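A.B. asks: from the sequence below, what's the structure:
(chains A and B)
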Number of protein chains: 2
Amino acid sequence: MAAMVRNKQVLLKNYVDGFPKESDMEVSCDATISLELPKNESGVLLTKNLYLSCDPMMRNRMSESYLGAYMDSFALGSPLVGVGVSKVVDSTHPDFKKGDYVTGFVNWEEYSVVPNPQVTKIQHTDVPLSYYTGILGMAGMTAYVGFYEFCSAKKGEYFFVSAASGAIGQLVGQFAKRAGCYVVGSAGSKEKVDLLKNKFGFDEAFNYKEEQDLNATLKRYFPDGIDVYFDNVGGKMLDAVLPNMRVHGRIASCGMISQYNRLQKPEAVYNLSLVIFKRIKILGFTFYDFLHLYPKFYDLILPLIREGKIEYLEDIAEGLEKGPAAFVGLFSGRNVGKQVVAVARD
Amino acid sequence: MAAMVRNKQVLLKNYVDGFPKESDMEVSCDATISLELPKNESGVLLTKNLYLSCDPMMRNRMSESYLGAYMDSFALGSPLVGVGVSKVVDSTHPDFKKGDYVTGFVNWEEYSVVPNPQVTKIQHTDVPLSYYTGILGMAGMTAYVGFYEFCSAKKGEYFFVSAASGAIGQLVGQFAKRAGCYVVGSAGSKEKVDLLKNKFGFDEAFNYKEEQDLNATLKRYFPDGIDVYFDNVGGKMLDAVLPNMRVHGRIASCGMISQYNRLQKPEAVYNLSLVIFKRIKILGFTFYDFLHLYPKFYDLILPLIREGKIEYLEDIAEGLEKGPAAFVGLFSGRNVGKQVVAVARD
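C.D. replies: Predicted coordinates:
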């Protein structure tokens, strides 16, 4: 039996009400773990966790309960759980061997014992492994499914995306540009607005924090109205979008980050009756329902990455102990690009 | 030239803010009209108006302006305009002759001069002519298009419709029953609830005015959730429906009568973020986009009417002078069934 090593973890200290704080989590060095699996237990992996994804949706699982719950809340005193990229250190599973890279749901800790089969083997290792927490993972698939299955965006259409420099938004905007749309994005700082226009190739972008009247702002950027709104935020922005939608417009909604911290008292939307006058579709979706499209998505995205034809920006926090701050930062928009926590580099 | 006759009219006296009142309209006997058209003006009809439809959407055109306007506001001092059934008294149009029955947009007055071609000839006169203001007109088509093009309702699914005894609701509920759904309707009185259960064949029905907590009410009637909500009212009911929707549910929205009198300050909807968790579609539509389906709709509905296989209830106010009260009554739910004004019987 191998010696035990320390296994640093990020634990949920208390259930969260409102905005999450770093102090809602605890970085603990109390746990230890053996770096060899007992041979009599089959179908199990021991992983060294390399990259952890910070996803807004994890906030919901930090509530003791939440409206429309589709996943269990995290357990108090246990590690957070999120999408990660890990290296197999030991395996009693026939499909995985030491040295394989895997991705899937993983605890926020240095090493994990992963029962079969919460993770899938990473096939393409010629691209940065951290990409599997974002552009090649949940965010990428969400952007892909949302854009290609729900937006029905045609050449020349007016396309708006919120949280546009985020993991999903930056990809959606680039998909829309590739499809020939006129693309405007909103973000929360001048730096992000510059990125949207100069790095990601958006036609226009604005800092929503500097706008007094979002309805008027959207009228300025879309004098002829919006055909497609890719909604990452919900709330006030969605309400301002509705009067600016064109007839037969589509609103694809994969996230409402503005609402996750106020699920007990969500923000009001007043302009919903416009969905009738304007014959609008509001389409809520998650990529979970479209896992069968992964191969199609990879056929599109991997060549774009390899040929440098798609931009992708990560914001990597170094070290598991930076995890709580990195996660909390999502909700103030501190991150610039996809927020990742690097637990180890290999 | 024929003698002039009195032409009673219902005029808009002032623009409406909030709930419409009878005093916002004026029944005027000041106008006169010749019952013969000048022969040199071609392509014109002179009609005697028989039945006028009271439609909630007319309320929007009584505002000086309204958000998402898709039709002009009515002119002050001019007659209201709505769907009607008329008899041709004189015609200089080759496609229409004296004695024909027509339907389409018509002024709220006894006789109208109708320029080509705001109306279409009624082909089937073996059914009550008033039906063309409802089951064979806008309401029928809205129910048909909404149900068959947007609801994707399957056998065994849980179906909820609001304003269920209204012109649209009573038909939608019957379509849903024919499709094998479990159907519950809401309405605003005990009498209507009884009608829903005993005349229209709904599985269940409730009086929303007697319920304190609509969310709890819906949970009681749909312990396993709602697959399809056919929304005629918007506002609070829509907000209560969202937490009760099942995953992959559909909300077809053709009207939000609860909101038409408060377009300056619409009611808030708080639970929209549930469209994501539950992957819900909200589909705003009007039958205008589906006029090509009229023949298909008539193929379905005419035999059902002739064979007595569909129930249809009208609330007919006798006389044009009853028009203002009949229209205003829509918004307090005074009418039981489709509200029609009979100007003349033939």
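A.B. asks: let me see the contact set for A:S73.
C.D. replies: By Cβ atoms under 8 Å, 6 or more residues apart in numbering or on different chains, the residues touching A:S73 are A:15, A:61-66. (Glycine included, C-beta is placed from N, CA and C.)
A.B. asks: go on, A:V27?
C.D. replies: Applying Cβ under 8 Å, 6+ apart, the residues contacting A:V27 are A:8-11, A:320-321, A:323-324.
A.B. asks: A:E321 too?
C.D. replies: A:8, A:27.
A.B. asks: tell me, how many residues neighbour A:P324?
C.D. replies: 25 (other Cβ atoms under 10 Å in any protein chain shown).
A.B. asks: which stretches of the stretch 151-300 of chain A form strands?
C.D. replies: Here the stretch 151-300 of chain A has its strands, by DSSP state E, counting those that start in this stretch, at A:158-161, A:182-187, A:204-207, A:226-231, A:245-253, A:281-284.
A.B. asks: any chance of the ones you listed in JSON lines with mean pLDDT, mean neighbour count and distance to B:F206 as columns?
C.D. replies: Shown next, in JSON lines, are these (pLDDT from 0 to 100; neighbours: other Cβ atoms under 10 Å in any protein chain shown; distance: least, Cβ to Cβ, whole Å):
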{"stretch": "strand A:158-161", "mean pLDDT": "98", "mean neighbour count": "29", "distance to B:F206": "40"}
{"stretch": "strand A:182-187", "mean pLDDT": "98", "mean neighbour count": "27", "distance to B:F206": "42"}
{"stretch": "strand A:204-207", "mean pLDDT": "98", "mean neighbour count": "19", "distance to B:F206": "46"}
{"stretch": "strand A:226-231", "mean pLDDT": "97", "mean neighbour count": "26", "distance to B:F206": "33"}
{"stretch": "strand A:245-253", "mean pLDDT": "96", "mean neighbour count": "22", "distance to B:F206": "30"}
{"stretch": "strand A:281-284", "mean pLDDT": "96", "mean neighbour count": "23", "distance to B:F206": "27"}
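A.B. asks: looking at those strands, which is nearest to B:I33?
C.D. replies: strand A:245-253 (36.9 Å; Cβ to Cβ).
A.B. asks: other SSEs contacting that closest one?
C.D. replies: strand A:226-231, helix A:235-241, strand A:281-284 (3 or more Cβ pairs under 8 Å, 6 or more residues apart in numbering or on different chains; DSSP states H and E).
A.B. asks: which among the ones you listed is found nearest to chain B?
C.D. replies: strand A:281-284 (3.3 Å; Cβ to the nearest Cβ).
A.B. asks: say whether chain B is contacted by the closest one.
C.D. replies: Yes - using Cβ under 8 Å from any Cβ of the partner chain, we find that strand A:281-284 touches chain B at A:281-284.
A.B. asks: name the nearest of the residues you listed relative to B:I168.
C.D. replies: A:K281 (19.8 Å).
A.B. asks: so that closest one bridges to which residues?
C.D. replies: Counting by DSSP bridges, A:K281 is bridged to A:R250, B:L283.
A.B. asks: can I get the contacts of A:S73 in CSV with distance to A:E26 and neighbour count?
C.D. replies: As requested, the contacts of A:S73 are exported to CSV (distance: Cβ to Cβ, whole Å; neighbours: other Cβ atoms under 10 Å in any protein chain shown):
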residue, distance to A:E26, neighbour count
A:Y15, 13, 14
A:R61, 16, 20
A:M62, 13, 21
A:S63, 18, 20
A:E64, 17, 11
A:S65, 22, 10
A:Y66, 22, 18
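A.B. asks: domain ranges for chain A?
C.D. replies: Residue ranges for the domains of chain A, per automatic domain parsing: A:4-135+A:312-342, A:138-288.
A.B. asks: which of these sits most buried?
C.D. replies: Each of the domains of chain A was scored by mean neighbour count; the highest is domain A:138-288, a mean of 21, by mean count of other Cβ atoms under 10 Å in any protein chain shown.
A.B. asks: what about the helices in chain A?
C.D. replies: Along chain A, the stretches classed as helices by DSSP state H are A:58-61, A:138-145, A:169-178, A:190-198, A:214-221, A:235-241, A:274-277, A:294-306, A:323-329.
A.B. asks: and the longest one, what other elements does it pack with?
C.D. replies: The contact analysis (3+ Cβ pairs under 8 Å, 6+ apart) places helix A:294-306 against helix A:138-145.
A.B. asks: which residues are contacting stretch A:280-300?
C.D. replies: Contact with stretch A:280-300 is made by A:124, A:136, A:138, A:140-142, A:144-146, A:149-150, A:242, A:245, A:248-254, A:274-275, B:248, B:274-284, as judged by Cβ under 8 Å, 6+ apart.
A.B. asks: how about the helices of chain A, which one is nearest B:A167?
C.D. replies: It's helix A:274-277; of these, that one is closest to B:A167 (Cβ to Cβ) at 15.9 Å.
A.B. asks: contacts (any at all) between chain B and that closest one?
C.D. replies: Yes - judged by Cβ under 8 Å from any Cβ, helix A:274-277 and chain B are in contact via A:274-277.
A.B. asks: what distance separates that helix from the middle of the whole chain?
C.D. replies: 30 Å (Cα atoms, centre = their mean, to the nearest Å).
A.B. asks: which residues of chain A lie near chain B?
C.D. replies: Close to chain B, as judged by Cβ under 8 Å from any Cβ, chain A has residues A:67-70, A:234, A:238, A:243, A:247-248, A:253-256, A:259-260, A:263, A:265-286, A:289.
A.B. asks: 7 Å instead, please
C.D. replies: Residues of chain A lying close to chain B (Cβ under 7 Å from any Cβ of the partner chain) are A:67-68, A:70, A:234, A:243, A:253-256, A:259, A:266, A:268-286, A:289.
A.B. asks: if we can go back for a sec, looking at the helices of chain A, which has the lowest confidence?
C.D. replies: Among those, helix A:274-277 carries the lowest mean pLDDT, a mean of 88.
A.B. asks: which other helices and strands does that helix contact?
C.D. replies: On a contact count with 3 or more Cβ pairs under 7 Å, 6 or more residues apart in numbering or on different chains; DSSP states H and E, helix A:274-277 meets strand B:281-284.
A.B. asks: same thing but at 10 Å, please
C.D. replies: strand A:245-253, strand B:245-253, strand B:281-284 (3 or more Cβ pairs under 10 Å, 6 or more residues apart in numbering or on different chains; DSSP states H and E).
A.B. asks: output the last one as PDB, nothing but the C-alphas.
C.D. replies: Yep, that's strand B:281-284 we're talking about. Extracted in PDB, the C-alpha atoms of strand B:281-284 (Å, rounded to 0.1, in the frame of the first residue of the first chain):
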ATOM      1  CA  LYS B 281     -40.300  26.900 -25.000                       C
ATOM      2  CA  ILE B 282     -42.400  30.000 -24.900                       C
ATOM      3  CA  LEU B 283     -44.000  30.500 -28.300                       C
ATOM      4  CA  GLY B 284     -45.700  33.800 -29.100                       C
END
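A.B. asks: and it, how far from the chain's centre?
C.D. replies: 19 Å.
A.B. asks: contacts only, for the closest residue to A:F327 other than its chain neighbours.
C.D. replies: When the adjacent residues along the chain are set aside, A:F327 lies closest to A:C54, with 4.8 Å between them (Cβ to Cβ, 6 or more residues apart in numbering or on different chains). If you count contacts by Cβ atoms under 10 Å, 6 or more residues apart in numbering or on different chains, A:C54 has them with A:80, A:82-83, A:108, A:133-134, A:167, A:315, A:317, A:323-324, A:326-330, A:335, A:338-341.
A.B. asks: list phi and psi for A:C54.
C.D. replies: phi -100, psi 110 (degrees, to the nearest 10).
A.B. asks: ok, it to chain B distance?
C.D. replies: 18 Å (Cβ to the nearest Cβ, to the nearest Å).
A.B. asks: repeat that for A:T92.
C.D. replies: Distance from A:T92 to chain B, by Cβ to the nearest Cβ: 36 Å.
A.B. asks: for that residue, what are its contacts?
C.D. replies: A:T92 sits in contact with A:37-46, A:116, where contact means Cβ under 10 Å, 6+ apart.
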